[in-house]
Each structure stands twice: as structure tokens, then as C-alpha cells.
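fold the stuff below for me.
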Amino acid sequence: MITATRRAALASFGLLLSAPAIHAQGWQASRPIRIIVTYPPGGVNDIVARIIADPLGRELGQPVVIENRAGAGGNIGTQAAAQAEADGHTILFGTTALFGVNPILYASSGVDAVRDFTSLGTIGEVANVLSVIPSRVQATTVRTLIDEAKRRPLIYGSVGNGSSSHLSATVFLRMAGIEATHVPYRGSSPLVAAMLAKDVDFAFDTTATSTAHIRAGSLLPLAVTTGGRASALPEVPTMQEAGLNGYELGIWFNLAVPKRTPAPILERLTEALERSRNAQTAERLRTAYVEPLAVPREANDGWVAASASRWQAIAREARIAID
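Reported below is the predicted structural model:
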């Protein structure tokens, strides 16, 4: 089921495309702008960041470069963005993991995305998809995977400790009443490589990085994590349809800057992001199996805070720990 909030956010993408722009005055970028992505190249975070970087650079009149700063569940890159000069030339590529999970998992890290950053706006949303390796497991449905996990030890992979991939799996295991050994990887590309190499039995990874392998027959999808079916894989049931009532976890991406950033810079960057959400960008996102998601400017802060709070509640309830 698509929630009313998400439906309004998706609808607003089209409104933002046609709305007249209000040009912010008083600040212009004076050198290349970097977007810090807290995962390695090749994963969905990197893909989405590069899609938005091109139109954002055109709007700001400066190149926008991607800087991959992976490690520590995203905290290395988040810390670097938090400590950067708040002059508009360093932007954090935010995720549900950074805003909604890491403040719980890394409470002593010294950085908290909700506390330390202001969101410029959302970009897109994807589902995680639960996939298995056909030659490693006999399961063809979520129920038969659960049954197999009760018969013998299974290994699952994730894109890293504390990631949405890890959280999706942890909630699944808890709701299904089963256990499995966790093997974290440093991003989607290493995880998919491990799956194709038959090093793990199952994993949750985004439709953006799994769909091509699913269509090629290398991975067998069992369910997606969102409340509604993913447009990239319409034939794949949701976790709720597969029998886990109440399971619903969507993954969103945004851009954010340190909260100490001056208002004129915030206004200019926010405007530039809004103007970057054009029809061409939306099509590029959909081609990468990412649904465009644009929360209106006036609702953005509240939307991010509410979503982060929900993810934090799930993380606490699931008792996720860094292992």
C-alpha cells in the first residue's frame, strides 16, 4: 500500500516540474561542488548521486563531482561532510541508513545526520528485494526460505553493517523467527559479486542493483520490502503479500548540508535541486529502477524527521547491533 504521505510526495514531483522558479539571490558557487557518497562506486547511492549531479551542476554553474568516502557504516563520509566548511561547496548524499539507523547504531560516533544536517530535498526511493541463489537454496518463496532456514544454517549478505540492507534482513529474521549468519560487504557491487559467486544464500539489495541480474536469471527474487510492488519488478510480491504482515521498508535518498550553512546558501542550493528535478532526470532515475520522490520544500524537514524517527524505532525494536 502506498501511504498518503508518499503519494503526496510522488505527486508533488510533477508539480515541482511545472512550478515557476524563485531565484535565490546573494550566493553563487565559486568552485566545483562535491557530493560525498558514503558508499563505494557502482552501488545505488553512487548511481543516484551521479544522476542528480549533472543537472545540479548546470543549475549552479559549477561542476558537481562525486567523492566516495566509504566505511564505518557511512560514518566516515558523514563525518567528512559535517566537518567541511559550510560554504555550500560540500553536500552529503543522504540515505535512510544515515538519517534513520546510524544515530541508533553509532550513538557515540560524534555525528548524527538528523542533528547535524539540513535536508535540501529528497531525490528518489527504491525497494530492497529479497533474492536467493538458486543453486545454493531450494526455496522459491519467502515461506519456503523460512522453512529451509529452520532446517539448516543459512548465510546472508548485506551492503554493510547498519545499512538498510542489513536492517531489512534483520527485521525479516526477527519477524520470521529464524536465524542466519550475517556477512557484511562494502556496498552493493561487492554484495552482488558475492551473490553471483555463490558465497551467500540470500540477501536484501535494492532493485536498482539487483534487477538486471534478476532478469538475467542469476538471482531469484522472492519479495520486495515496500508496501506496494516495485515498478521495476511488478511480478514480485511484497513481503506483506508473502505472509509477513506489517513488513514495510522503503529506502529514500536526499541531499543535505551542515545545519550551520547560512540561509542564502541553503536557499540557492534548495532552488537548484528543485530545478534539477526535471523530466529528463526523472526518466534517468526510472531507467536506474529508482522512483522519483520530491517532497515539497515546506514539508521537507518534517518529512525527513518523521521518516528518520520511524526507522529509528524499527532499529530499536529489532535490536540491531553492529556485528
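
which positions in stretch 254-262 come out as buried?
For stretch 254-262, burial by neighbour count (16 or more other CB atoms under 10 Å) applies to Asn254, Leu255, Ala256, Val257, Pro258, Thr261. Where you see a C-beta, it was placed from the backbone N, CA and C, and this is true even at glycine.

restricted to strands, list these.
Among the buried residues of stretch 254-262, DSSP state E puts Asn254, Leu255, Ala256, Val257, Pro258 in strands.

got TSV for those, with distance to Ile155 and pLDDT too?
Converted to TSV, those look like this (distance: CB to CB, whole Å; pLDDT from 0 to 100):
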residue	distance to Ile155	pLDDT
Asn254	32	97
Leu255	35	97
Ala256	34	97
Val257	39	97
Pro258	39	96
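
looking at the residues you listed, which is nearest Val290?
Closest approach between these and Val290, by CB to CB: Asn254, at 12.7 Å.

before we move on, the earlier item: now the buried residues of stretch 254-262 as JSON lines including distance to Tyr185?
JSON lines is the format used below for the buried residues of stretch 254-262 (distance: CB to CB, whole Å):
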{"residue": "Asn254", "distance to Tyr185": "24"}
{"residue": "Leu255", "distance to Tyr185": "25"}
{"residue": "Ala256", "distance to Tyr185": "25"}
{"residue": "Val257", "distance to Tyr185": "29"}
{"residue": "Pro258", "distance to Tyr185": "29"}
{"residue": "Thr261", "distance to Tyr185": "33"}
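
can you give me the strands in this structure?
Counting by DSSP E, the strands of the chain are 33-37, 64-68, 90-95, 117-132, 155-158, 181-184, 202-206, 220-224, 250-258, 291-292.

pick the most deeply packed of these.
Among those, ranked by average contacts under mean count of other CB atoms under 10 Å, first place goes to strand 202-206 (a mean of 29).

mind giving me the packing neighbours of that strand?
In this structure, strand 202-206 packs against strand 117-132, strand 155-158, helix 164-176, helix 188-196, with contacts taken as 3 or more CB pairs under 8 Å, 6 or more residues apart in numbering; DSSP states H and E.

distance from the chain centre to that strand, please.
13 Å (CA atoms, centre = their mean, to the nearest Å).

strands paired with it, and their directions?
Within its sheet, strand 202-206 is paired with strand 117-132 (antiparallel), strand 155-158 (parallel), according to DSSP bridges.

among those strands, which comes closest to Val290?
strand 117-132 (4.1 Å).

now that closest one - C-alpha only, CSV.
Output in CSV follows, covering the C-alpha atoms of strand 117-132 (Å, rounded to 0.1, in the frame of the first residue of the first chain):
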residue,chain,number,x,y,z
PHE,A,117,22.4,18.3,8.7
THR,A,118,19.6,20.2,7.0
SER,A,119,18.0,18.4,4.1
LEU,A,120,17.9,20.2,0.8
GLY,A,121,15.3,17.8,-0.6
THR,A,122,14.6,14.3,-1.5
ILE,A,123,15.6,12.7,-4.8
GLY,A,124,14.2,9.2,-5.1
GLU,A,125,13.0,6.0,-3.5
VAL,A,126,13.8,2.3,-4.1
ALA,A,127,12.7,-1.0,-2.6
ASN,A,128,15.0,-3.7,-1.3
VAL,A,129,14.4,-7.0,-2.9
LEU,A,130,15.0,-10.3,-1.1
SER,A,131,16.8,-12.6,-3.5
VAL,A,132,18.2,-16.1,-3.3
